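In: Give me coordinates for this.
(one chain, ligands or ions: 1)
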Amino acid sequence: MGMYAVTGAASGIGKAVTQQLRDAGHEVITVDLRGADINADLSDESQCAEVVRRVREQAADGLDGLVPCAGLGPDVPRKTLLPLVNFFGTVSLVEGLRPQLRQKRGAIVLVSSNSAQMTDYDTQYMDALLAGDRAAAAQFADTLHGQVLYGGGKQALARWMRRENAAYAAEGIRMNAIAPGYTETGMTAAGEESPEYGDAIRAFKASIPIRRAGRAEDQANAVLFLLSDKASFISGSVLFVDGGHDASFRPDRF
Ligand SMILES: NC(=O)c1ccc[n+]([C@@H]2O[C@H](COP(=O)([O-])OP(=O)(O)OC[C@H]3O[C@@H](n4cnc5c(N)ncnc54)[C@H](O)[C@@H]3O)[C@@H](O)[C@H]2O)c1
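Out: As a prediction, the model looks like this:
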């Protein structure tokens, strides 16, 4: 059976991915702020490096897969966490664990979002992320709205994945992303309770073509497929798992 690492594994999508992998008999090294095999704050560069060191130690024979799910939603009080965790925390783990993934010709599934495509996000912010400039990207938190930091960061993550895809594929590593739509987890529960955004979020949820919100298991099903050999010719793709929302927003752009 395989060896996998999952971040954000204590809650929501990461928890469901971990459960499904374990149910299938795989070993999973979990990472989260608390309640995981490795507890760490992925907004912090040195803690990311320590997570990489510990996963490398625990997966000395290599990794079959990596699913960096840890992330925060747009409505977060410390907005700098959006670029630091959602983008840099994810990319640093992927890069740091690349040798372990190469060892077993493993697969990576990133978690972008269908909000990555909802509008044209701030180009300078995305350029700072893609240039790997943590300080410059974090400064945008002073001026940009949480939704712009969130959606722009998720779009930058998908772009990073597509840009890097050929180099990873050449080493036998398949890298893809899911783009979840509205999915009921701890993250969205907080939004629905927000006095500022609650009504808008409920209306948004009601407009999902499939006529229900996503569940963490829906996202995990897609992740497990992309990790599996059934997806062996799929690389560099962004799979929308959103009940048809993206198709209804942008029917002619794909
Ligand atoms: N729920 C949705 O509607 C939705 C939609 C699109 C994308 N996403 C993405 O899915 C991923 C998982 O989100 P979720 O919905 O399961 O939310 P969640 O809040 O249930 O889980 C997120 C997990 O990330 C962990 N985390 C947050 N900050 C961290 C940090 N600094 N260091 C380590 N761990 C940290 C949290 O502790 C939590 O366990 C996120 O990247 C999110 O952006 C979610």
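In: tell me which residues in the helix or strand of the chain with the lowest mean pLDDT are buried?
Out: The weakest-scoring helix or strand in the chain, judged by mean pLDDT, DSSP states H and E, is helix 186-193 (a mean of 84). By 16 or more other Cβ atoms under 10 Å, the buried positions in helix 186-193 come out as 187-188, 191. Where you see a C-beta, it was placed from the backbone N, CA and C, and this is true even at glycine.
In: Which ones, among those residues, also lie beside the ligand?
Out: Checking the buried residues of helix 186-193 against the ligand by Cβ under 6 Å from any ligand atom, the ones in range are 187-188.
In: can I get the buried residues of helix 186-193 in JSON lines with distance to Arg215?
Out: Below are these laid out as JSON lines (distance: Cβ to Cβ, whole Å):
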{"residue": "Met187", "distance to Arg215": "13"}
{"residue": "Thr188", "distance to Arg215": "11"}
{"residue": "Gly191", "distance to Arg215": "16"}
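In: which of the buried residues of helix 186-193 lies closest to Asp142?
Out: Minimum distance to Asp142 across these is 22.3 Å, recorded for Gly191 (Cβ to Cβ).
In: show me what contacts that closest one?
Out: 73-75, 197-198, 201 (Cβ atoms under 8 Å, 6 or more residues apart in numbering).
In: Out of the residues you listed, who's the most crowded?
Out: Within those, Pro74 tops the neighbour count with 21 neighbours, counted by other Cβ atoms under 10 Å.
In: Now do the SS call for it.
Out: Under DSSP: H, G, I helix; E, B strand; the rest coil, Pro74 falls in the coil class.
In: bridging residues for the residue nearest in space to the middle of the chain?
Out: Residue closest to the mean C-alpha point of the chain, counted by Cα atoms, centre = their mean, is Val111 at 2.4 Å. On the basis of DSSP bridges, Val111 is bridged to Ile178.
In: Make sure Val109 is indeed in a strand.
Out: Yes. Under three-state DSSP, Val109 sits within a strand.
In: For the chain, which residues are neighbours of the ligand?
Out: For the chain, the residues in contact with the ligand (Cβ under 6 Å from any ligand atom) are 8, 10-14, 32-33, 41-43, 69-72, 85-86, 111, 113, 180, 182-183, 185-188.
In: residue boundaries of the strands in the stretch 151-254 of the chain?
Out: Assigned by DSSP state E, counting those that start in this stretch, the strands in the stretch 151-254 of the chain fall at 174-180, 183-184, 214-215, 238-241.
In: so can I have CSV of those showing mean pLDDT, distance to Arg162 and mean neighbour count?
Out: Below are these laid out as CSV (pLDDT from 0 to 100; distance: least, Cβ to Cβ, whole Å; neighbours: other Cβ atoms under 10 Å):
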stretch, mean pLDDT, distance to Arg162, mean neighbour count
strand 174-180, 98, 9, 26
strand 183-184, 96, 23, 18
strand 214-215, 98, 23, 20
strand 238-241, 98, 8, 21
